[in-house]
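In: Just the structure for this:
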Amino acid sequence: MTEQIDRLRNSLLSIAERGFPPDKFLGKPEAMVKELDKVRASFNSSTNSAPPQDRILHAVASFVQSRDLQDLNQVRLISWGLSLPHAQNKPLMELVEPFAVFLDSIRSFVSNNTLPMKTWRGLLVSYFSYSGQDTADEVGKDNWKALRSFLKSTFPSLLERRNVKPAWMIKLDEHLNLLEDNPCERYAASALQGDTVPAVEFQKILAIPQTSWVINELVRAQVKLACALEESSYKQSLPHLAKTLETAPLYKNMGLMQLLNRYSHCTDTSENLDLSRLAVEHWGNPKLPGNTKWGHVSHEIKAMVLKWLIGRDLETFFDLMTSDNRADQDQRRLKFWRRYLASIQDAYFALGHKAWYSQNEDYVELRRRNEGRITRLIHPDQVNNAFLMLVGEYVIVEFGAKGNACYCFDRDNLPFKLDVRQFAGDVTGLKSKTRGYRFHLSHIDRGSGDWEETFEERLSELGIKPDQPRSISARRPQSRHKKPTDPAPDSHPDSYHEPILPSGSPVIRFNIDELKDFVGRFGLKVMDLRSRGGNLWVKPDCDMLSVQNQLRRWNFERRVGKGWWLR
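Out: Numbers count the residues shown, from 1 in each chain. Coordinates of the predicted model:
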């Protein structure tokens, strides 16, 4: 009927154009065309519309009880309701004998060429509506596969037999992969690039619900493809996939497991914010001992995410919460403790009065993200805060305000309790030199060396080793490096080469394309003046915490108001 309507429409327009001048049309051809469009829409709608649900459920219940099909009308109603639970029971799809009896009856109608199109359409709707391979019911999964096989084998004859083909039938013929294994593999590459037009189109015309297994399969196919890509392309897909997984609740656990597993095999496993945020929001904070959801992944993967979170906690503490957060001292402390991330199993925040009550969005997010690992700090200096790190058999305490030493205690003999509602920031609490006290060290450079050397020696005596050796460039950055040179007006940001460091400095490796792509996202540019005796710059200056943290990881140093230069 659709084809005949289209032919009639085109004929009317052709006759009108040939036989009559524009100002002497007979009748109202435009109105007639609109009516034809309405007829077509009505026809397609009628072939897509389901019978009333109460009638469907009554027909299913009657059949399950009697195992007998009364007439074609009951068959039609049941075909639309295979995935619907009847009363308080399972859906027919999950019943062994009733489903087998029904499908055998359907096959007999096919062999006699008497199966109505509306009944076949109902079977297709049930196929799309059931949870498919994501179901935990093995009978349901087997019956669903049997239904898929039936639909695949009978569709060609149904299509050939119909002179009038509704839109859903034409669209299914274009997407027969939906009746195959790996049904959405065809759309994965385009969807991963953000092109969801083909998928949205067939979902609409085939009336596939948002709760369908098709939605999960489309996400599954994208995750599978992304995990097979090389590292940089895989990582570029993560923002899209993290958002897309939110639309596939039945597949979310498995998808997150696969993405984390692939990430753990990357050469660079530093934190990916999109993946980290998705994991913590879905499974909760892995620091909490009562959280069992992280049992979905291996201990190594959980440790990787813990390292991300603790690293972010360090950055938050030294970048946000210290009272002198722009001082070089704080950045040196951050850089020092980042080298021990693999040894830090857990971390706690003790918040002073200002941070505890502040409604600044950074502090609000800090308190939300560290729920269960945050307490109050009672201290005369209300802007002071403390950061407690559980490192092996020890607890190490750093304070925010300048002039406070770092304290170390035995973990199993603490002069304070980690599960209390508040800590005292004095000699009765976090600065106690009684039970379990090991040492306290000041962040002061001596004539014989930097404070980092002293800290490293004391930690080494306790068996705590850094993840990597300390580079020369980590020491007294302003006094041991050439003063940065401002870029000349005619510098070209694209004249960009592998870093060449001063003689005697270790090679600092980072992906040049990654750097260029990263800073470009924030409207920053790279300027290379090393051929003129200058420095490699990222300009202009940027206050965004994520930008600052990443550039520091790549050994860039900030000049406030100007930009960042590679040491």
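
In: quick check, distance from the longest strand seen in the chain to the centre of its chain.
Out: Counting by DSSP state E, the longest strand found in the chain is strand 344-351. In terms of CA atoms, centre = their mean, to the nearest Å, the centre of strand 344-351 is set 25 Å apart from its chain centre.

In: Quick check: what element follows it along the chain?
Out: Downstream of strand 344-351, the next assigned helix or strand under DSSP states H and E is helix 353-357.

In: Contacts for that following helix, please.
Out: Contacts to helix 353-357, defined as CB atoms under 8 Å, 6 or more residues apart in numbering, come from residues 321, 363, 366, 376, 382, 383, 385. For glycine as for every other residue, the C-beta is placed from the backbone atoms N, C-alpha and C.

In: and the residues you listed as TSV, adding pLDDT and neighbour count?
Out: Formatted as TSV, the contacts of helix 353-357 follow (pLDDT from 0 to 100; neighbours: other CB atoms under 10 Å):
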residue	pLDDT	neighbour count
321	76	25
363	86	18
366	85	21
376	94	18
382	84	15
383	86	15
385	92	26
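
In: In CSV: those, plus distance to residue 57 and secondary structure.
Out: Formatted as CSV, those follow (distance: CB to CB, whole Å; DSSP: H, G, I helix; E, B strand; the rest coil):
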residue, distance to residue 57, secondary structure
321, 59, helix
363, 54, helix
366, 52, helix
376, 57, strand
382, 65, coil
383, 65, coil
385, 61, coil
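
In: mind putting the residues you listed in CSV, distance to residue 112 included?
Out: Output for the contacts of helix 353-357, formatted as CSV (distance: CB to CB, whole Å):
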residue, distance to residue 112
321, 78
363, 73
366, 71
376, 79
382, 86
383, 85
385, 80
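
In: Let me know the closest of these to residue 132.
Out: residue 366 (41.6 Å; CB to CB).

In: Wait, the closest one touches residue 358, no?
Out: No. Contact criterion CB atoms under 8 Å: residue 366 and residue 358 do not qualify, at 9.2 Å.

In: distance of residue 245 from residue 210?
Out: As judged by CB to CB, to the nearest Å, residue 245 and residue 210 stand 15 Å apart.

In: which residues of this structure score low on pLDDT?
Out: 1-48, 87-88, 323-329, 448, 470-513, 530-534 (pLDDT under 70).

In: where exactly do the strands run in it?
Out: Using DSSP E, strands in the chain cover 344-351, 374-378, 386-391, 394-399, 406-410, 422-424, 437-441, 525-528, 536-539, 556-559, 563-566.

In: Just the C-alpha atoms of stretch 100-120, please, in CSV.
Out: Extracted C-alpha coordinates of stretch 100-120, given in CSV (Å, rounded to 0.1, in the frame of the first residue of the first chain):
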residue,chain,number,x,y,z
ALA,A,100,7.8,-24.5,22.9
VAL,A,101,4.1,-25.3,22.2
PHE,A,102,3.4,-21.8,21.1
LEU,A,103,6.4,-21.6,18.7
ASP,A,104,5.5,-25.0,17.2
SER,A,105,2.0,-23.6,16.5
ILE,A,106,3.5,-20.6,14.9
ARG,A,107,5.6,-22.7,12.6
SER,A,108,2.6,-24.6,11.5
PHE,A,109,1.0,-21.3,10.3
VAL,A,110,4.1,-20.5,8.4
SER,A,111,4.2,-23.8,6.6
ASN,A,112,0.6,-23.2,5.5
ASN,A,113,1.3,-19.6,4.5
THR,A,114,-1.4,-18.4,6.9
LEU,A,115,0.7,-16.5,9.4
PRO,A,116,-0.7,-12.9,9.4
MET,A,117,1.8,-10.0,9.1
LYS,A,118,0.5,-8.4,12.3
THR,A,119,1.3,-11.6,14.2
TRP,A,120,4.8,-11.7,12.9
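
In: Residues in contact with that stretch: which ones?
Out: Residues contacting stretch 100-120 (CB under 8 Å, 6+ apart): 47, 63, 67, 69, 72, 75-76, 78-79, 82, 92, 123, 143, 146-147, 150-151, 154-155, 157-158, 161-162, 169.
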